[in-house]
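Asker: quick one: sequence and predicted model below, then my questions.
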Amino acid sequence: MDKSEKKRLKQELRKKEKQDFNDSLPMAQKLFDELFDFLEEQSEEHGCDHTLRLTLQFLKNNGIDDDTVVTWLNEQGGYCDCEVLGNVYDSFVWND
């Protein structure tokens, strides 16, 4: 396998990983962007109490099924608001 073929295969794999990640999202990416902004603003004021209190508040305010989203967030390493900002946000950056 030559260098260009390896590069093409890596690009295809990366594209598939990104598509799989996007397909796994329990809500629109735009809402995740809004959630991250909300958490950043609220965390500065309230800090993290090591729960998903602020995340649940955002989901409720936006009429989003929290069970599905919380399960997905946990799978991504988001067990509290600050971990959603750290671990889950990083998953989105990695998949850009």
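Answerer: Yep, that arrived.
Asker: mean confidence for the lengthiest helix in the chain?
Answerer: Identified as the longest helix of the chain according to DSSP state H is helix 3-24. For helix 3-24, the mean per-residue pLDDT is 90.
Asker: okay, buried residues for the helix or strand that it is followed by please.
Answerer: Next helix or strand after helix 3-24 toward the C-terminus (DSSP states H and E): helix 29-46. Across helix 29-46, burial judged by 16 or more other C-beta atoms under 10 Å covers 31-32, 35-36, 38-39, 42. In this view, the C-beta of every residue, glycine as well, is placed from N, C-alpha and C.
Asker: name the helices or strands packed onto helix 29-46?
Answerer: If you count contacts as 3 or more C-beta pairs under 8 Å, 6 or more residues apart in numbering; DSSP states H and E, helix 29-46 packs onto helix 53-61, helix 81-83, helix 89-94.
Asker: what residues does it touch?
Answerer: 22, 25, 54-55, 58-59, 62, 64, 81-82, 84-85, 88-89, 92 (C-beta atoms under 8 Å, 6 or more residues apart in numbering).
Asker: buried among the residues you listed? Make that a PyMOL selection.
Answerer: Written as a PyMOL command, the selection of buried residues from the contacts of helix 29-46, which uses 16+ other C-beta under 10 Å, is:
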select buried, resi 54+55+58+59+64+81+82+84+85+88+89+92
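Asker: list just the nearest of the contacts of helix 29-46 to Gln11.
Answerer: Asn22 (16.5 Å; C-beta to C-beta).
Asker: next, Asp49: secondary structure please.
Answerer: The three-state assignment at Asp49 reads coil, by DSSP: H, G, I helix; E, B strand; the rest coil.
Asker: sorry, back to before: in TSV: the buried residues of helix 29-46, plus pLDDT and distance to Glu5.
Answerer: Converted to TSV, those look like this (pLDDT from 0 to 100; distance: C-beta to C-beta, whole Å):
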residue	pLDDT	distance to Glu5
Leu31	97	39
Phe32	96	35
Leu35	98	40
Phe36	97	38
Phe38	97	45
Leu39	97	43
Gln42	94	48
